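Chemist: dropping a prediction and its sequence here:
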Amino acid sequence: MYEFIRESNSIERITREPKPWETLEYISLLERETVDIIDLESFVQAIEPGAVLRDHTGLNVFVGNHCPPPGGPAVVYKLRELLYELPKKNPHAFHVAYEHLHPFTDGNGRSGRALWLWAMYRQGRRIYDGFLRTFYYQTLEQHQDDTER
């Protein structure tokens with residue numbers, strides 16, 4: 001878990017070593033049978049204090065060249081739908097959809113990777129040396145699946 005958190009943090013340019021409380025937050029999330037919006041909000045608040053769910057009009061964010069859907073009730077509806085699908089959805093596809101939605105004002109990358117890990121464990125999928133390497137292989141598999149359709 002420590003290495004996963006370290007890698008996830010480094011993607012966000014957080015270069016410090018993971019704190020013990022971070023490990024506990026990840027473990028708490030991963031031990032849940034299901035993940036709902038309240039669970040996720042709690043996780044995001046722990047890893048990124050001050051970040052909030054973009055449930056009100058005007059809570060808009062921009063991520064590089066990506067412009068997620070505008071803040072408001074539709075974000076909550078879509079997030080609820082994604083979390084409902086999480087146990088059975090391809091973790092790669094879930095992660096991409098979650099990051100495109102960008103449901104929080106901050107902490108989306110780390111929470112999205114934590115949810116990806118939750119789905120990987122629940123579905124008994126293989127993790128190759130962390131998130132980036134596994135996600136890379138999943139991207140290739142997804143592309144192959146899309147090409148064969």
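Modeler: Perfect, I can see it now. Numbering: from 1, shown residues only.
Chemist: quick check: pLDDT value at the closest residue to residue 68 other than its chain neighbours.
Modeler: Using CB to CB, 6 or more residues apart in numbering and skipping the chain neighbours, the partner closest in space to residue 68 is residue 102 (3.7 Å). No exception for glycine: its C-beta is placed from N, CA and C like everyone else's. Note on residue 102: pLDDT of 96.
Chemist: gap between residue 102 and residue 51?
Modeler: Using CB to CB, to the nearest Å, residue 102 is found at 11 Å from residue 51.
Chemist: thinking again about what came up before, OK, contacts around the residue nearest to residue 68?
Modeler: When the contact criterion is CB atoms under 8 Å, 6 or more residues apart in numbering, the partners of residue 102 are 54, 61, 63, 66, 68, 108.
Chemist: where along the chain do the helices fall?
Modeler: With helices called from DSSP state H, the chain shows them at 2-11, 20-30, 37-47, 73-85, 91-101, 108-122, 131-148.
Chemist: in terms of secondary structure, what does the fifth one contact?
Modeler: When contacts are defined as 3 or more CB pairs under 8 Å, 6 or more residues apart in numbering; DSSP states H and E, helix 91-101 packs onto helix 73-85, helix 108-122, helix 131-148.
Chemist: same deal with the second one?
Modeler: Taking 3+ CB pairs under 8 Å, 6+ apart as contact, the helices and strands that helix 20-30 lies on are helix 2-11, helix 37-47, helix 108-122.
Chemist: helix 37-47 and the longest one, what's the angle between them?
Modeler: Computed with axes from the mean of the first three to the mean of the last three CA atoms, to 10 degrees, the direction of helix 108-122 lies at 120 degrees from that of helix 37-47.
Chemist: can you list the buried residues in helix 108-122?
Modeler: For helix 108-122, the buried set under the neighbour-count rule, 16 or more other CB atoms under 10 Å, comprises 108-120, 122.
Chemist: do the second one as well
Modeler: The neighbour-count criterion (16+ other CB under 10 Å) identifies 40-41, 43-47 as the buried residues of helix 37-47.
Chemist: skipping adjacent residues, who's closest to the spatially most central residue of the chain in space?
Modeler: Note on the chain: the residue nearest the mean C-alpha position is residue 112, at 0.6 Å, using CA atoms, centre = their mean. Closest residue to residue 112 apart from its sequence neighbours, by CB to CB, 6+ apart: residue 98 at 4.5 Å.
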